[in-house]
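# Provided below are the primary sequence and the corresponding predicted coordinates.
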Amino acid sequence: MKRFLSAMLLLGLALGATGCGNLQNSNLSNNPTNTEKKAKKYQTTTTTKGGYTVLLKNGTYQVSPINGISATNNDNNIDTRSLEKGLLDLSKRQFSTNSYVFQEGQQISESTAENWLARATKKDKTGLNPIDNHKKGADTRNPIRVEQILEQDFLTGSGRNYHLGGMSLGIAMNSIDYYNKVTDGPQYHTTISRADQEKYGKIAAEKVVKRLRKRKKLRNIPILIGLFSKTGQDSLTGGTYFAYGIASANSSKIRDWKALNYKTQTLPTVGDQKAISSDDESDFSNFKSAIQDYFPDVSGVTANVRYEEGKLTEENISITTQFYGYAQIQSFTKLALSAARKYLPNNAAIEIKISSVNDVQAVIAKNSPSDNYYVHVFNGE
């Protein structure tokens, strides 16, 4: 189930807009004959604003065999979305949406990913994680550093002929590694600094590129590597990429690593924590007050905000309600839309999800600053 949801997430992210893409070079909706199926091995979804066209094979979305594989079981679903979406955004810097089509990674196998995410041993250096020194102290043990590897492929061609033109890899580094001193005992953790994440991540990235270059198919394509910092188990915000580099075609060296200034935060802030932007905090507070004053049965309103190079790029708001009536949901959604237009910033992508304890009731969203808001009430009009 987790891998299926991940595939659907990536398809939506690649398309880059609300709604479904159309199929090009496809007879899927017309029950094609066997001859037509053989003649049309590949199909592509029509690209939407800012997103990649997605390559299908025989009408089927190709799921990466390494989706959902991690070094430990301490995964965070919010991190998974940030890891995938962030890598797509980075990929656009190297692989133009006008020149390449997207496909989930098909070059790294499940067994290979599992071996790479394991600990190295004295006899086998395949694992990217450090040898277990069998110490139990938070500051003396060797923590699991590399948690996940994500692959995205970018192809060029047309009709029946597509070939791999580039690859992006996201290497997710733990900021916190959880462990037990004894089986089923209390949970402890080791905190890993950003400096250590970067140092170890760059070493792991070089190893991965060298291994990939041994395959003839992967020798002469550019490979983009992004280093991602994972958050803790209970974090309400996803992690962020903090650096990326590119190994040029026919090169195993990643030159010119670039630092990324990405930050995430949950609003309202808690305790003595300061907002990244007091203006954005004030806008959210005004939006929250407007909808809570109108409907007393709103039990929670929070926002996850994302900044790139100091600029707000994304704000995802979650509203939890205690009402279920059709008229109430319709009325509240209209109110939330009006408040969003009045109070929320115009220079960022916005998503507002209205939910009860058990169900999503409505979604209000715009995928870029220039978009109009899209509204959908579930089981409504």
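Cool, the structure landed. What you see is a predicted model; the values in this text were computed from it and never measured.
# got the domain ranges for this protein?
For the chain, the structural domains run 65-260, 265-377, going by automatic domain parsing.
# how about residues contacting the helix or strand hosting residue 334?
Assigned by DSSP states H and E, residue 334 belongs to helix 326-343. Residues from elsewhere that reach helix 326-343 (Cβ atoms under 8 Å, 6 or more residues apart in numbering): 283-284, 286-287, 290-291, 294-295, 298, 319, 321, 323, 350, 352, 354, 361-362, 364, 373, 375, 377, 379-381. From N, CA and C alone the C-beta is placed, and that goes for glycine too.
# need the domains of the chain in JSON lines (columns: distance to residue 54 and mean pLDDT).
Output for those, formatted as JSON lines (distance: least, Cβ to Cβ, whole Å; pLDDT from 0 to 100):
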{"stretch": "domain 65-260", "distance to residue 54": "5", "mean pLDDT": "94"}
{"stretch": "domain 265-377", "distance to residue 54": "16", "mean pLDDT": "91"}
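# turn those into JSON lines, including distance to residue 56 and mean neighbour count.
What follows is the domains of the chain, written out as JSON lines (distance: least, Cβ to Cβ, whole Å; neighbours: other Cβ atoms under 10 Å):
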{"stretch": "domain 65-260", "distance to residue 56": "9", "mean neighbour count": "17"}
{"stretch": "domain 265-377", "distance to residue 56": "22", "mean neighbour count": "16"}
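# the residue nearest the centre of the chain sits in which helix or strand?
Of all residues in the chain, the one closest to the mean position by Cα atoms, centre = their mean is residue 84, 2.6 Å from it. Secondary structure assignment for residue 84, by DSSP H and E: helix 77-91.
# just checking, what packs against that helix?
helix 2-15, strand 146-158, strand 161-173, strand 223-229, strand 240-247 (3 or more Cβ pairs under 8 Å, 6 or more residues apart in numbering; DSSP states H and E).
# does residue 265 touch residue 314 like I think?
No: applying Cβ atoms under 8 Å, one finds residue 265 not in contact with residue 314, separated by 11.4 Å.
# which residues of the stretch 201-350 of the chain fall in helices?
278-294, 326-343 (DSSP state H, counting those that start in this stretch).
# do you know which of those helices lies nearest residue 123?
helix 278-294 (52.7 Å; Cβ to Cβ).
# residue contacts, the nearest residue to residue 324 once chain neighbours are set aside?
Closest residue to residue 324 apart from its sequence neighbours, by Cβ to Cβ, 6 or more residues apart in numbering: residue 356 at 6.1 Å. Neighbour list for residue 356: 320-324 [criterion: Cβ under 8 Å, 6+ apart].
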